[in-house]
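Chemist: 3D model of this:
(4 chains)
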Protein chains: 2
Amino acid sequence: MYERKIKEDLDCGIVAAMRVFGAKWKPCIIDAIGRGIKRPSELHRYLDTTSPRVIDMQLSELVDFGVVVKEVSPGFPLNVAYSLTPLGESILPVISALDHWGSRHKDQVKVLHERQLSRNRAKLVAG
Amino acid sequence: MYERKIKEDLDCGIVAAMRVFGAKWKPCIIDAIGRGIKRPSELHRYLDTTSPRVIDMQLSELVDFGVVVKEVSPGFPLNVAYSLTPLGESILPVISALDHWGSRHKDQVKVLHERQLSRNRAKLVAG
DNA sequence: TCAGATACCGAATAATTTTTCGGTATAGCC
DNA sequence: GGCTATACCGAAAAATTATTCGGTATCTGA
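Modeler: I've put the predicted structure just below:
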């Protein structure tokens, strides 16, 4: 929850899209909900490399942006579930494109990632 | 140029893709180069809501990741041009998907963006 | 030689995002 | 009442990313 000091050009489609689901974990959260993982505790377990707090925060931002809706059923234990709105559903193909690209190139990405790390380490030592 | 302290799960396609072109301006830069805007000074002018320094830095990261290549032609004035590699070309459809989604929904995004800003302002006043 | 254009880069700072930590609340079960 | 599970939230800290500022270097034509 921060108020941006820097204006973004939301007339640019790319910028607008990144504004809605360009955060570190938002695509993963939307993807997970799209796969039927809907309860907060399930999401916390499913995205176990992410702190639960971020998931909660980003979920509430996604609610603000009309990407997901929160439904509370009376029951035990407290039963909360998030679902995609039509707007959220419309993002799925885009995330799917991201996912396919990443899956297709992940080996290359891993190598280049390591290479960049070494380069930075070398720079740090040299500097 | 920072060494990440937090590991990312690059086996997740989404995470891998975001690693390569998930930064604030990278999709715009890749898109611009794809549209034929290739020289640094042109890019600086084209992406005029972005500081030239970020463009330079992100360009060099894109070079590191094999997304673009830098070509220097002897000539005047110093003639540098960046082009997409095959890997870079393969990202274009994904960015295009982002762009289409954003263009289709940008009016809604603008409204929701403003609404979120007001909400945050109200929170700040209340808190 | 000097101005002007191009292309960079380093370092400090500012802005933003992510994480950690610890707290609240509700409900059921023993 | 103590214990567990679920679901949150605030505030501070840490990590990351973006921006500003000022510098270097090359070339060319005036």
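Chemist: helix, strand, or coil at the residue of chain A found nearest DNA strand D?
Modeler: Of all residues in chain A, residue A:41 sits closest to DNA strand D, at 3.0 Å by C-beta to the nearest atom of the strand. Glycine gets a C-beta too; all of them are placed from N, C-alpha and C. Classification of residue A:41 using DSSP: H, G, I helix; E, B strand; the rest coil returns helix.
Chemist: what about the helix or strand that residue A:111 is a member of, distance to the chain center?
Modeler: Applying DSSP states H and E as the criterion places residue A:111 in helix A:86-126. With C-alpha atoms, centre = their mean, to the nearest Å as the basis, helix A:86-126 stands 14 Å off its chain's centre.
Chemist: helices or strands next to that helix in the packing?
Modeler: helix A:13-21, helix A:26-34, helix B:13-21, helix B:52-64, helix B:86-126 (3 or more C-beta pairs under 8 Å, 6 or more residues apart in numbering or on different chains; DSSP states H and E).
Chemist: dump the ones you listed to a markdown table, plus mean pLDDT, mean neighbour count and distance to residue A:82.
Modeler: Output for the helices and strands packed on helix A:86-126, formatted as a markdown table (pLDDT from 0 to 100; neighbours: other C-beta atoms under 10 Å in any protein chain shown; distance: least, C-beta to C-beta, whole Å):
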| stretch | mean pLDDT | mean neighbour count | distance to residue A:82 |
| --- | --- | --- | --- |
| helix A:13-21 | 93 | 24 | 14 |
| helix A:26-34 | 96 | 23 | 6 |
| helix B:13-21 | 93 | 24 | 18 |
| helix B:52-64 | 94 | 16 | 33 |
| helix B:86-126 | 87 | 16 | 17 |
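Chemist: just want the most central residue of chain A.
Modeler: Taking C-alpha atoms, centre = their mean as the criterion, residue A:26 is the residue nearest the geometric centre of chain A, at 1.6 Å.
Chemist: you'd agree that residue is up against residue A:64?
Modeler: No: with contact defined as C-beta atoms under 8 Å, residue A:26 does not reach residue A:64; the gap is 12.0 Å.
Chemist: count of neighbours near the residue of chain A found nearest DNA strand C?
Modeler: Residue nearest to DNA strand C within chain A: residue A:24 (2.5 Å; C-beta to the nearest atom of the strand). If you count neighbours by other C-beta atoms under 10 Å in any protein chain shown, residue A:24 ends up with 14.
Chemist: test my guess that it contacts residue B:23.
Modeler: No: counting by C-beta under 8 Å, residue A:24 sits too far from residue B:23 to count as a contact (11.0 Å).
Chemist: so how many other residues sit close to the residue of chain A closest to DNA strand D?
Modeler: Around residue A:41 there are 11 other residues, counting by other C-beta under 10 Å.
Chemist: so what pLDDT did it get?
Modeler: If you check residue A:41, the pLDDT there is 92.
Chemist: need the residues of chain A near DNA strand D, please.
Modeler: Proximity of chain A to DNA strand D, by C-beta under 7 Å from any atom of the strand, involves residues A:6, A:39-42, A:52-53, A:56, A:59-60, A:70, A:72, A:77-80.
Chemist: if we go to 10 Å?
Modeler: For chain A, the residues found near DNA strand D under the criterion C-beta under 10 Å from any atom of the strand are A:1-2, A:5-8, A:18, A:22, A:24, A:38-45, A:51-57, A:59-60, A:63, A:70-73, A:75-82.
Chemist: would it be right to say that residue A:69 lies in a strand?
Modeler: Yes: assessed by three-state DSSP, residue A:69 belongs to a strand.
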